[in-house]
Structure formats: C-alpha cells, structure tokens
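[1] Test case, fold it:
(one chain, ligands or ions: 2)
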Amino acid sequence: MSADVQQNAPRIWVTTLLFSLTFIIAVTAVPLYGFLVGYSLTQWVLFVVFLAFCGFSITAGYHRLWSHRAYDGNVVVRAFFAFWGACALQNSILIWGSGHRRHHRHVDDNDKDPYSINRGFWYAHIGWMLRNYPSGEVDLSNAQDLQRDPIVMFQHKYYVPLVLFSNIALPALIGLAIGDVIGTLLLVGVLRLVVSHHVTFFINSLCHMWGNQPYTNTNTARDNFFLALVTYGEGYHNFHHYFQTDYRNGVRWWQFDPTKWLINVLSWVGMASNLRRVPDFKIQEALVHMQFEKAKDQLKRIHLPNMEAWKETLEAEYQQFTKTLADWKQLRAEWYEQKRQEFAEKKQELQEKWHRAAARTRFKEMEYMLKMQRKRLQMLNLNFAAAT
Ligand SMILES: [Zn+2]
Ligand SMILES: [Zn+2]
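    Ligands and ions are numbered 1, 2, ... in the order given. This next block holds a predicted model:
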C-alpha cells in the first residue's frame, strides 16, 4: 500500500475522540480526584473486577471462543462474554472476530492484515482504528458462523446501548449506591477502560515485536512471558499464530495463561465443551523444526575445527526427525482405520480399549523421541553459540 493511501485515509472521529478523551481523563482527572477526594477500597475492588471481566471476555470470549472456535460455551458463558465484551469497547464480537480472522490469515501483509506490525508499532497498537484504511474494511464473508449465533447478533444490534449501559450507567448506579458517583465513574468507568484497551492492544503491537519464536519464524508473532502476565495469557502469541485452533496459548502446564485455566474451570463445571488441543506430537515437531533452523543458521556463521563432523551429526538428526514424522503419520492413519473398523464392526468394548492403550503407548513413545531430539539439538545449538 502506498504511503499516499495511508496518509489520505479519512479519519474516524468517533474512535479518535474516544481514545484521546478517555486517555486524557485517565492521566489528569483520575489522579487529581484521587489526590483531592480519594478512592475507597470498594472502588478499587470494583475497578479490578470490571477490568478482569472485560479482559477475560475479550481473551476467552471474543478471541478463543468466537474468533477461533477453540471451544464451545453454553448460553450463560456466551451472554456473559457478550455483555462484558461490549463493556471493553472494542467493537462488536462480529466485527472483532471477522477482523481477527483476517489478521491470522494475512498476518504481516500490509494490504490485508488489518493491524500489520510491518506498518509500525503505533499502527498495530491503535493507529489502525483511527482512520478508514482499506485494509480495515469490514468484510463479513469469513464470519458466517458468527452470524448464526443469536447472542453475537443480539450484541451486534444493541452494541451502542450495551456500551453506554455498561460503561456509564452501571458505574454511575454503583456509585450512587456507594455514595460517590464521580469517583466511581472515573475509576471503574474511565481508568478501567483505558487500561483494558491498551493491555489488549499490546497483543497486536508488542506481541509481534518482543519475545521468542519457539514454534515458527514464518511470521512476526512472539512468545513473551511478561506480556502474558498483563494480557491474561495471550502473550504466548508465537504458539497461538502457529496453532490458532488450540484453546491454550501458554501450552505448557507451567506457562501463565489464566484464560486457559478459566476455560478449564468452565469445562469442569459443564459450562464449556469441545476444548480443542493440537496433538502433543505436532507441538514437539514445531519445536524440533525450529531447533534445526537455528542450528543450520548458526553453522553458516561459525568456524569449528571439525565442521564436517558437526554437519554429519546434524544430518543424522534430521534423518531421524524425518523418519519419526513418517512413522507418526502412518501410526495415525492406522489408528483412524482401526477406530473406523471398530465402529463398523461394533467390537467388544474391552478389545477396543486394548487397541487404544497400545496405540497410545506408541504415540507417547514418538512424542518422547522428539522431546529427546529437541534436547540434543538444544545442546548442539548451545555448543554452536559458544563457538561464535
Ligand atoms: Zn488469534
Ligand atoms: Zn497476532
């Protein structure tokens, strides 16, 4: 896209004024009121509750449930996320989800990704919402499933009243009840909105700039623990861009992903179902693949006395990798065939279980082989790094 088209894109005054005014109030009136009058503990608790409700409605609702269909939520869950998602003021589920799917499909493409990081930090963070850029044009052809969800359509139709009620009327009513309307509006209304906005916007900006690329280097998305801390676990963005249908972003059990934990809890109490996970083997495959990329890259830049031996080691590892992948594909095909036959023949349950247990052991073995290979490659890479 030419710089000319970008410069001349017509300004969207509603968003420009909204973002500017709320930000100005957050950095002036909010601290001033705190200094002159002060905020109560109740107001701070409400601030945190509203912030968390809005945040999780975007990450667990708008993002993982609706944009990626990574799991299903019952009507209560979806209604909750639709209400508090409107309170987060980031457009309706329908528009957000459609735009986000385009972001994944055309990531880093300046003409098609609505918030391409290649147009700079400011653009990916907030700039893309301030002007009517051609790349941001609404095209709902990729969101037909969302259009069939009555809750999504209800929220889309009544978006403005929902926004006004949740952001102004609700904090004002609570303020009335606790005896401080202005303070509650400033803290729970404005400051909460501004913090909530920028925290989410970091996922589009910083999560495409800072961090590691353990799973893929085919796009700019990064894994970043510190960003995961403030984004309810969305900071593991490299994993997410590679395995977007997985309901987890921080896929390891120890990774900080409260959105994943929330979805797990919802599933345990029967409010969420069909949680989608990519096979562990596929995750290991991506990790090992990236270790090879790194090793190959390092080998080009270093000079060791026994270069040929290192190259041979790497080549042997690569051959084993290819073989493990082929074995896995075959086992998976056999497994599906077995399941199909069992289903057709309605074999005894006991036998079925036995087959599954045997297959599971073999799958586990292959995952383990890849895990060990990844460890060997990591050592290799450390050796290479020491030689540079
Ligand atoms: Zn996504
Ligand atoms: Zn992204």
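[2] Which residue ranges make up each domain of the chain?
    Taking automatic domain parsing as the domain assignment, the ranges for the chain are 3-273, 280-387.
[3] what is the rounded mean pLDDT of the longest one?
    Right, the one you point to is domain 3-273. Mean pLDDT, taken over the full extent of domain 3-273, equals 95.
[4] Of the domains of the chain, flag the one that's most buried.
    Highest mean neighbour count of the domains of the chain: domain 3-273, a mean of 18 (counted as mean count of other CB atoms under 10 Å). (Each C-beta comes from the backbone N, C-alpha and C, glycine too.)
[5] quick one: F202 from Q378, how far?
    Between F202 and Q378 the computed distance is 29 Å (CB to CB, to the nearest Å).
[6] nearest residue to V75 other than its sequence neighbours?
    Of all residues not flanking V75 in the chain, I151 sits nearest, at 7.1 Å (CB to CB, 6 or more residues apart in numbering).
[7] Strands of the protein, start to end?
    Remark: strands assigned in the chain by DSSP state E are 72-73, 272-273.
[8] Let's have those in JSON lines, adding distance to L227.
    What follows is those, written out as JSON lines (distance: least, CB to CB, whole Å):
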{"stretch": "strand 72-73", "distance to L227": "25"}
{"stretch": "strand 272-273", "distance to L227": "25"}
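[9] Tell me the spacing between the residue nearest to V75 and P279.
    31 Å.
[10] Likewise for R119?
    35 Å.
[11] Let's check: the centremost residue of the protein is which one?
    By CA atoms, centre = their mean, the mean C-alpha position of the chain lies nearest to E234, the distance being 4.5 Å.
[12] That residue: what's it in contact with?
    Under the criterion of CB atoms under 8 Å, 6 or more residues apart in numbering, the neighbours of E234 are 59, 63, 203, 207, 227-228, 240, 249, 259.
[13] Out of these, flag the one nearest to F321.
    Distance from F321 was checked for each of those by CB to CB. The minimum falls on H240, at 24.2 Å.
[14] Does the closest one touch G250 like I think?
    No - counting by CB atoms under 8 Å, H240 stays clear of G250, with 9.3 Å between them.
[15] Residues in contact with both of these two, list them for me.
    In terms of CB under 8 Å, 6+ apart, H240 and G250 are not both contacted by any residue.
[16] how near is the residue nearest to H103 when sequence neighbours are not counted to N224?
    Ranked by CB to CB, 6+ apart and with sequence neighbours excluded, the top spatial neighbour of H103 is D113, at 5.4 Å. As judged by CB to CB, D113 and N224 stand 20 Å apart.
[17] Could you do A79 as well?
    Here A79 is placed at a distance of 32 Å from N224 (CB to CB).
[18] same deal with A333?
    Counting by CB to CB, the gap between A333 and N224 amounts to 37 Å.
[19] swap in V48?
    23 Å.
[20] ditto for K112
    K112 is 25 Å from N224, by CB to CB.
[21] now S273
    If you go by CB to CB, the gap between S273 and N224 works out to 30 Å.
[22] what does V190 give?
    Applying CB to CB, the value for V190 to N224 is 28 Å.
[23] same thing with G120?
    As for G120, its distance to N224 is 19 Å (criterion: CB to CB).
[24] wait, which of the strands of the chain is closest to L164?
    With CB to CB as the measure, strand 72-73 is the member of the strands of the chain nearest L164 (25.2 Å).
[25] Show me what the closest one is in contact with.
    Contacts to strand 72-73, defined as CB under 8 Å, 6+ apart, come from residues 61, 65, 81, 266, 271-274.
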